[in-house]
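S.K.: can you look at this prediction? I've put the sequence above it.
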Amino acid sequence: PDSAAPDPASAPFADSTKLDSFRELLAEALDDGHRLLVFSQFTSLLALLRADLDEQGIAYCYLDGSMTTAARQAQVDRFQATSSPPSGSQLAAAAPPVFLLSLKAGGTGLNLTAADTVVHFDPWWNPAAEAQATDRAHRIGQKRVVTSYKLIAAGTVEEKVLALQDEKRALL
């Protein structure tokens with residue numbers, strides 16, 4: 001038996017079909033020059049996505065409810081930066097193509113028009129909260145078509161949450 005530490009790639013999340021779908025969507029979006037907002041209601045999931053992006057060498061911004069107002073604004077400003085990437089050691093400081101956001105902290109009150117792709121990694125029971133989050137990219141100053149994706153795993157509670165969202169929309 002091998003007594004070496006377990007390989008992080010062998011963790012349960014590494015075998016996630018949803019993560020595989022996200023990686024594929026991300027690679028295609030980045031290849032086509034798109035910038036993404038990625039929302040999750042779980043900061044623990046965002047931590048896993050951060051680790052995955054770090055492993056892939058993809059720069060990102062991050063925002064959750066534990067951050068100070070100044071730290072949040074710094075992340076927004078960094079993502080919204082439109083200048084061309086600097087050369088040399090400052091390359092990592094260029095505007096990252098991905099912004100990971102907690103749904104509650106990043107879903108309202110922000111203008112994130114640098115993004116033209118929105119990904120909801122998990123559904124929230126209130127469809128209005130997701131719509132508000134998507135609207136972070138649909139703001140005055142947006143010059144591109146915004147595409148929104150919901151990643152839903154078949155045969156899970158996520159399908160029930162989608163059905164609940166449909167019921168809520170029908171009440172309007």
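M.R.: Great, that's in hand. Numbers count the residues shown, from 1 in each chain.

S.K.: quick check: bridge partners of the residue most central in space within the chain?
M.R.: The structure's the chain has its C-alpha centroid closest to V38; by Cα atoms, centre = their mean the separation is 1.2 Å. Beta-bridge partners for V38, by DSSP bridges, are L100, V119.

S.K.: distance of it relative to D32?
M.R.: 16 Å (Cβ to Cβ, to the nearest Å). Where you see a C-beta, it was placed from the backbone N, CA and C, and this is true even at glycine.

S.K.: neighbours of Q75, how many?
M.R.: Close neighbours of Q75, defined as other Cβ atoms under 10 Å, add up to 22.

S.K.: who are the neighbours in contact with it?
M.R.: The contact partners of Q75, by Cβ atoms under 8 Å, 6 or more residues apart in numbering, come to 61-63, 67, 99.

S.K.: next one: H138
M.R.: V146.

S.K.: any idea how far A71 is from the nearest residue to T43 once chain neighbours are set aside?
M.R.: Spatially, and ignoring its direct neighbours in sequence, T43 is nearest to D64 (5.0 Å; Cβ to Cβ, 6 or more residues apart in numbering). D64 is 10 Å from A71, where distance means Cβ to Cβ.

S.K.: ok, K143 next?
M.R.: On the measure of Cβ to Cβ, K143 and A71 end up 28 Å apart.

S.K.: between the two, who's got more neighbours?
M.R.: Per other Cβ under 10 Å, whichever of K143 and A71 has more neighbours is A71, with 13 against 6.

S.K.: most neighbours, which of the contacts of Q75?
M.R.: F99 leads the contacts of Q75 on contacts (other Cβ under 10 Å) with 28 neighbours.

S.K.: all strands for the protein, in order.
M.R.: All strands of the chain, identified by DSSP state E, fall at 36-40, 60-63, 98-102, 117-120, 147-150.

S.K.: which neighbours does the second one have in its sheet, and in what orientation?
M.R.: Each strand paired with strand 60-63, and its direction, by DSSP bridges: strand 98-102 (parallel).

S.K.: put the alpha carbons of the partner strand into PDB.
M.R.: What follows is strand 98-102 as a C-alpha-only set of coordinates in PDB (Å, rounded to 0.1, in the frame of the first residue of the first chain):
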ATOM      1  CA  VAL A  98     -13.500  35.100 -14.500                       C
ATOM      2  CA  PHE A  99     -15.300  36.600 -11.500                       C
ATOM      3  CA  LEU A 100     -16.500  34.200  -8.800                       C
ATOM      4  CA  LEU A 101     -19.300  35.600  -6.800                       C
ATOM      5  CA  SER A 102     -21.500  34.500  -3.900                       C
END
